[in-house]
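Colleague: Sequence first, then the predicted structure, then my questions.
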Amino acid sequence: MISQLRTMWLVLKHTFTKADTVQYPEQKPYLAPRYRGRIVLTRDPDGEERCVACNLCAVACPVDCIALQQVVDDDGRKRAEFFRINFSRCILCGFCEEACPTYAIQLTPDIELAEYDRQNLVYEKQHLLINGPGKYHDYSFYQQSGIAIKSKGKGEAEQERPPIDIKVLMP
Amino acid sequence: MSENTVTIYIDNVPYQVSSEDNLLAGVLSKKLNLPYFCWHPSMGSVGACRQCAVMQFQDEEDTRGRMVMACTTPVTDGMRISIKHADASEFREQVIAAMMTNHPHDCPVCAEGGECHLQDMTVMTGHSVREYQGTKRTFTNQYLGELVGHEMNRCITCYRCTRFYNDYAGGKDFGVYGSKNQVYFGRQSDGALESEFSGNLVEVCPTGVFTNKVFSTHYTRKWDLQSAPSVCSHCSVGCNLSIGERYGSVRRVMNRYNADINGYFLCDRGRFGIGFVNGEQRIRKTHGISQQSPVSLTKLDVAKAFSHFRKKTFIGIGSARASLEANFYLKNMVGAEHFSPGYNDDEMKVAGQHAQLLSANNPLSLTEIENSDCIFIIAEDISQTAPRMALSVRQALRNAAKAKAAKIGIPSWQDSAVRTIGGNLLSPLFLLQSTSSKLDDVAEQTLLLPPEQISACLVALKALLELVEVKNNHNVEQALADIAEQMSLDSKERQFVCSLYKALHQAKKPLIISGTDHVSADTLQDINNLMQALKSKSDIKEPALIVVPPSCNSVGLLSLLDEKSLSIEQVLAELAQQEVNYQGVILLEQELGKLSDNQIKQLRSSCQTLIVLDHSQHRLTSIADIVLPVAAVSEGDGHYVNYQGQAQQFFQVHAPVLPIQESWRWLDNMAEIIGVSAAELNAGANANAKKSACDSLRQLHQYFTDSLTQWPTLLAAKQAGTQQAATARMPHRASGRTAQMANISVHEAKTTQKIDDSLTFSMEGQSAGQTSDMPFAWAPGWNSNQSISQFQTQINGQLIKQKAAIFIPVANLLLNNPRWELAKQSNKVSKVNAIDHLTLKPLHYVQQANIYFDEWQAAHTAEFKMLQPSNLMSISASTAEQFGIKKGQWCKIVFSATNDKMQLVSQSVISQITINKQLPETLAFGNFSLSELLSQPLDMGISLACDQEVTDYLSHYNDSLITAKLNKDAVLERLKVNDQTIPIRLVSGGLDDA
């Protein structure tokens, strides 16, 4: 008896509350800037690709949906010859972002990954690359690393001393 | 091991370890984790890195303990140590932390990442946060050639590179420069590393200072490589390799540990020579077979193309680089009397002698070579033709120093102490050859002689052995003087023979090494006689004998030869005579490199149908009627037989794009149609049984065992092996499975299947260490190749799962044919000739062996072509004086000789000259080849080349280097394109298997 009355009371109460239904897609939900959605590849402050094709994202990926091949370009930078993500397999776990040592891979709040044809969910590098540094504005991997590239010689990176002259006699 | 084991307590747990090795080796052999850098299982301890610190306790009551370096501490009975002790762990972590202060932030772009010993050890010590905030020291890199890359910033100064390169492998152009924390490892100036073992720096270096340059240009991580256990196809030593593949192309070769053969090291030909598999000269399509379906070539197409050859007779020419199975199949298909190994008459005689020597002497394994204490090398530059063996010879020479150290109680693993005590003390090595070699620097005596004089020395030594019934040295010299009189040996030769005799007399484990490549059958017969003389001497330990043939399966081919086998001259004669109505010739992976262009023309014109099975283009593929593309070593299964007669299986690394398939599959496709079918040949019970197709190597072996009588003696033992669970070709971390082919179709293809395969084309299956044939080495916490210690019974011991080696008997059937027997008098006759020539002073030119270009397959590698040296010839001092030539001058050299038809043939070469004081007047050697038309001995005229000639030659030479560079770039471009279209193979079988 009491439970029936309670039920009626609740129904009556909900009649006057605001509806939870959102008019998607006309009305978009708020997603935080660090929401784990679709992946992008970012560029460093110089505008060059951050990705050095180190394969760490691929090996971290639990569904093995990232495949890439490294090449060494004439300027000494390493880049991905191809970088392919099969979003029909991707579970948006963000492990790749976590594994990425150069902040190249970043997850964006874009979660609208739906296609009529599954083949269209295969993204290549040109689909993933964006024109900015994403969440990390100042980081440039080659300024931290010890390898030489065209615009940065040996000993010119951050926290590096100039190269040692091995022929010098001073101790 | 058993009698030398003692009990030690590690963290209060008793373990049985060998007391002959150091504590670190003992700990690692118990599969415990203890980090180290400078120690190497085959190079011993120096205690340079201070990484393997453990606490040692006096007894059970001792709680304080003292810290010791495990690698420099001998194992004693009942010793108590602790690896987990807090002080020791912290010490180890601090050592890593200190190394990390200067280590660059390179891991993502470093080719070593993922198989880096430094990464492994850092994780093992628990050092996870860099507290150092200061600046890092940097170095500039050097150009070290096309094979090895240099990135000096990453160095942790463990000294392993120089200990390997200089101390172990005898390199001269590498060293340590600088002081304190500015120590630099490299060459004096930029330039290609000269040692033929430079590639091992990649594996020896615990981090990424030395990287595989070829692999780095088309790089992938170790965890993504699909690997299979393989065997090197570039020389007869048969080193075990692990070949890695990714996205359908072969990426690199790593060492695969085999305690008896290669141990931890490979030569550069084995490591980098795999380039031919990806080369531009590969044959990828059939020629001469019309294909019905546009999609693929079917077995029916092949059957149709061959249908008009039904029951026709073919001549089959096998080869020493084709697998044992393919050669055996071909021989049985065409019949023994129509089978040729592709050798010419001289080579057949050599093969006959080789078989005789092999059946009478058991060749030592490389590990056994390292125990020899006196080595005599005859007329073979093994540092170029079997480089890994030369490395073992180098180690054997250290036995004298080790024995000296042992006398004062220093164990052999105390590397720097042993080297200090030993100084320049080396066990005796005698070199008797026609060219200088990389072993000259460690030889006690080197004698350079023209080929005939080498025989004379051997005969003299044999005569000496038969004569001397002596204990004292005076008699030896007396006896030798008489012999030398007869043989007309000069004083140098006499002295050489005399000291060789004395060394053999003293040796406990003497060893004689020769080869078949540049040696005449007469010399091999002299060696045989010498061996018999040595065996009959009671006061000399019977020496072991190794004969090094040129190719990976030379001995396998030798085991198939019998009295009916044809030489290439006989093949040409038979074709010309047309007594038997031959339909044509089948060439099995045989380029017939020694044939002159005329002989090739003759072969082409006299045979109706020329069928060539090969993986790369050569002179014959362009003129053949039918060309069938054959799998290279990484693309197929089979067996190679090494110089000892040990049969080793190589496994398919990846399935090639059809119609490329193993040559035995092609032969299987035609077997029913062509020639004498095997079943009929035996006329046995199975004569009417229709042969079913063989879809796997095991089925092929079954078919051989069932229907062919000779096979069971070859690989019978292999059949008995029980089937195990399949092993994964990929590490369990292999990535990209659902994306690598997604550009073609988002629906993932099934992994490739294979009938009767003991390895899978995926990460599924038991882990690599569970089998004797490990596709790659990996253990938890040990990502680099150093993980091998986790799979050995003890350090430097056999693998835990090691199967017994299979040796193939080599019957000496070839000499049943009188044609291949040597005339008994030949020795005497040649000697008289030699003496005659001596008075006329004509010259013998010998081409130096070269590690990169001597082997046909490896020579296709673009990086090797870029290492082609310019012409260089060594002449004797007196010849130089005669022509007024100085060292380093560019000269025009005219060689001339009169041929059989009494015509004068001449050839001129532009070459730089060096003067070798050791050379006799009658000998010269260089790095260029002379036309086959010039018969030795020759006349030689040298004059200074004019500027124009030198410029022309050099521009031609530079063009060839540029072509090689372009070739390399083209290969890389094609591989990059291929990465995007990975071939899908559902079943890795033959044709029709999709």
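Modeller: All right, it came through fine. Numbering: from 1, shown residues only, chains lettered A, B, ... in the order given.
Colleague: Enumerate every residue touching the residue located most distally from the centre of chain A.
Modeller: Farthest-out residue of chain A from its mean C-alpha position, per Cα atoms, centre = their mean: residue A:1, at 56.8 Å. Applying Cβ atoms under 8 Å, 6 or more residues apart in numbering or on different chains to residue A:1 gives no contacts. Just so you know, the C-beta spots here come from the backbone N, C-alpha and C atoms, and that holds for glycine as well.
Colleague: May I have the phi/psi pair for the residue in the stretch 1-150 of chain B that chain A sits nearest to?
Modeller: Proximity of the stretch 1-150 of chain B to chain A (Cβ to the nearest Cβ) peaks at residue B:104, 2.6 Å away. Backbone torsions of residue B:104, given as degrees, to the nearest 10, read phi -70, psi 160.
Colleague: That one: neighbour count?
Modeller: By the criterion of other Cβ atoms under 10 Å in any protein chain shown, residue B:104 has 22 neighbours.
Colleague: count of residues packed around the nearest residue to it once chain neighbours are set aside?
Modeller: The spatially closest residue to residue B:104, leaving aside those adjacent along the chain, is residue A:146, at 2.6 Å (Cβ to Cβ, 6 or more residues apart in numbering or on different chains). Around residue A:146 there are 23 other residues, counting by other Cβ under 10 Å.
Colleague: Go ahead and confirm residue A:31 touches residue A:37.
Modeller: Yes: using Cβ atoms under 8 Å, residue A:31 is in contact with residue A:37, at 7.0 Å.
Colleague: Find the residues that touch each one of those two.
Modeller: Common neighbours of residue A:31 and residue A:37, counting by Cβ under 8 Å, 6+ apart, are A:109, A:111.
Colleague: and residue B:343, what is it in contact with?
Modeller: In this structure, residue B:343 makes contact with B:350-351, B:567-568, judged by Cβ under 8 Å, 6+ apart.
Colleague: let's see 7 Å
Modeller: By Cβ atoms under 7 Å, 6 or more residues apart in numbering or on different chains, residue B:343 lies in contact with B:351, B:567-568.
Colleague: Turn the residues you listed into TSV, columns for pLDDT.
Modeller: Shown next, in TSV, are the contacts of residue B:343 (pLDDT from 0 to 100):
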residue	pLDDT
B:351	91
B:567	91
B:568	90
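Colleague: which residues touch the closest residue to chain B within chain A?
Modeller: Nearest residue of chain A to chain B (Cβ to the nearest Cβ) works out as residue A:146 at 2.6 Å. By Cβ under 7 Å, 6+ apart, the contact list for residue A:146 reads A:157, B:104-106, B:138, B:153.
Colleague: Looking at the residues you listed, which one is closest to residue A:73?
Modeller: residue B:106 (17.1 Å; Cβ to Cβ).
Colleague: residues near the closest one, how many?
Modeller: 19.
Colleague: Quick one, grab the pLDDT at it.
Modeller: Looking at residue B:106, its pLDDT is 92.
Colleague: Contacts only, for it.
Modeller: By Cβ under 7 Å, 6+ apart, the contact set of residue B:106 is A:145-147, B:154, B:208.
Colleague: Contacts only, for residue B:724.
Modeller: Residues in contact with residue B:724 (Cβ under 7 Å, 6+ apart) are B:758, B:771.
Colleague: Which secondary structure element is home to it?
Modeller: In this structure, residue B:724 sits in neither a helix nor a strand according to DSSP states H and E.
Colleague: Quickly note the distance from it to residue A:61.
Modeller: Computed as Cβ to Cβ, to the nearest Å, the residue B:724 to residue A:61 distance reads 31 Å.
Colleague: Next: residue B:435.
Modeller: 55 Å.
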